[in-house]
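Here is my input; please provide its structure:
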Amino acid sequence: MKNSENKVVLITGASSGFGKLTAEKLLAAGGWEVYAASRRIEKMRGLEKKGARVIKMDVASSKEVNAGVGRIIREQGRIDALLSNAGYGTYGMIESVPLEEILHQYEVNVFGMARVLKAVLPRMRKQRSGRIVLTASMVSRISTLGLGWYASTKHAVRAMGIALRQEVKELGIDVVMIEPGAVKTGFDAVALGMLRRVKHPGDYKKYAKGFGRLLSDAYRRSPGPESTADCMVKAITAAKPKTVYKTTIDAKVIPRVLALITDKLFDRFVLSSVKKAAKKKNAG
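Numbering: from 1, shown residues only. Below is the predicted model of the structure:
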């Protein structure tokens, strides 16, 4: 049975970055029973001390997802909101990224989200209420060389979110998507790490080099996670949330600019920028 008047939220990917900061903000605001979920439970001890209930949940495991959601329902009797935030990215050319890495990225970013949604939706439908917030990305709308596999997972998330929004609209359930651009969260260390480790054929090396330099520079100049976490809180708590929150300047501007130019012009711009960056001396 529900043991308080607080609303109940499940946050996946809560051990770092957006998930952790959003959990902290909800705990500080009060009025929420925050269930923080991650496969790295030891990294959520700080959240636990602040009042979060931590759950070991690897979204790639149906057993752990179902057990975690089952625990929430047993303890609280309801789930008012889900922030499906677990995910990661790695960069590299389409041909070069190992198939095992491609499959794992889909396992976490797409099928992991599917597992959590399938576990939470029956309870929300029964309640005839709920809020589902999905972490998408600016690259759910665009892609470039080097981003292909990661961007494809976020394109899938966006497509899934649009369909779900329509399917549950009349059931009292809101679906909101969060679209950040480049943000300082530590995401880039993992993503660019794969780019450096992958064995690119000689034909791709200049592109990988230039792409890595451009992205490293973009992340150095990027904002911290504050604005994105603030939007996540709004998406969870607002009486009438937007369907999409674009949380950084680049996420707001770049897709609009690209909508005004042709695909061929975009391709030329990307290739020119990457090759120019590859030729720079003493670049990052």
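
going forward, measure contacts and count neighbours with C-alpha atoms only.
Fine.

low-confidence ranges in this protein?
Scanning the chain for pLDDT under 70 picks out the ranges 1-4, 281-284.

can you count the residues close to Ala163?
Residues contacting Ala163 under the criterion other C-alpha atoms under 10 Å number 12.

What's the separation between it and Gly51?
Distance, Ala163 to Gly51, using C-alpha to C-alpha, to the nearest Å: 34 Å.

ok, Gly130 - contacts?
Gly130 makes contact with Ile79, Asp80, Ala81, Met124, Gly172, Ile173, Asp174 under the criterion C-alpha atoms under 8 Å, 6 or more residues apart in numbering.

repeat for Leu10
By C-alpha under 8 Å, 6+ apart, Leu10 lies in contact with Val34, Tyr35, Ala36, Ala37, Ile79, Ala81, Leu82, Leu83.

my read is the first one is in a strand, agree?
Yes - with DSSP: H, G, I helix; E, B strand; the rest coil as the criterion, Val34 is located in a strand.

wait, what's in contact with it?
By C-alpha under 8 Å, 6+ apart, Val34 lies in contact with Val8, Val9, Leu10, Ile11, Ala23, Leu26, Leu27, Gly51, Ala52, Arg53.

Now go through those residues and say which are in helices.
If you go by DSSP state H, those have Ala23, Leu26, Leu27 in helices.

residue contacts, the last one?
Contacts here follow C-alpha under 8 Å, 6+ apart; on that basis Leu27 touches Glu33, Val34, Lys50, Gly51, Ala52.

Wait, Thr144 touches Arg268, no?
No - between Thr144 and Arg268 there is no contact under C-alpha atoms under 8 Å: 11.2 Å.

The two: which has the busier surroundings?
Counted by other C-alpha under 10 Å, Thr144 and Arg268 do not tie: Thr144 has more neighbours, with 14 against 11.

how far away is the more buried one from Ile94?
Separation of Thr144 from Ile94 (C-alpha to C-alpha): 11 Å.

With Val233 instead?
35 Å.

Quick check: closest non-adjacent residue to Leu258.
Excluding the flanking residues, the one nearest Leu258 by C-alpha to C-alpha, 6 or more residues apart in numbering is Phe266, at 7.2 Å.

Kindly provide the distance from that neighbour to Gly181.
Distance, Phe266 to Gly181, by C-alpha to C-alpha: 18 Å.

Which one's more surrounded, these two?
The residue with more neighbours, out of Phe266 and Gly181, is Gly181; 22 against 15, by other C-alpha under 10 Å.

contacting residues for that one?
With C-alpha under 8 Å, 6+ apart, Gly181 has these contacts: Ser137, Met138, Val139, Thr247, Thr248, Ile249, Asp250, Ala251.

Need the residues that contact the host helix or strand of the last one.
Using DSSP states H and E, Ala251 sits in helix 249-258. Helix 249-258 has contacts (C-alpha under 8 Å, 6+ apart) with Ser137, Met138, Arg141, Ile142, Glu179, Pro180, Gly181, Ala182, Lys246, Phe266.

want to try TSV for those residues, with distance to Phe18 and secondary structure as columns?
Listed next are these as TSV, based on distance: C-alpha to C-alpha, whole Å; DSSP: H, G, I helix; E, B strand; the rest coil:
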residue	distance to Phe18	secondary structure
Ser137	12	coil
Met138	15	helix
Arg141	20	coil
Ile142	21	coil
Glu179	12	strand
Pro180	10	coil
Gly181	13	coil
Ala182	12	coil
Lys246	14	strand
Phe266	30	helix
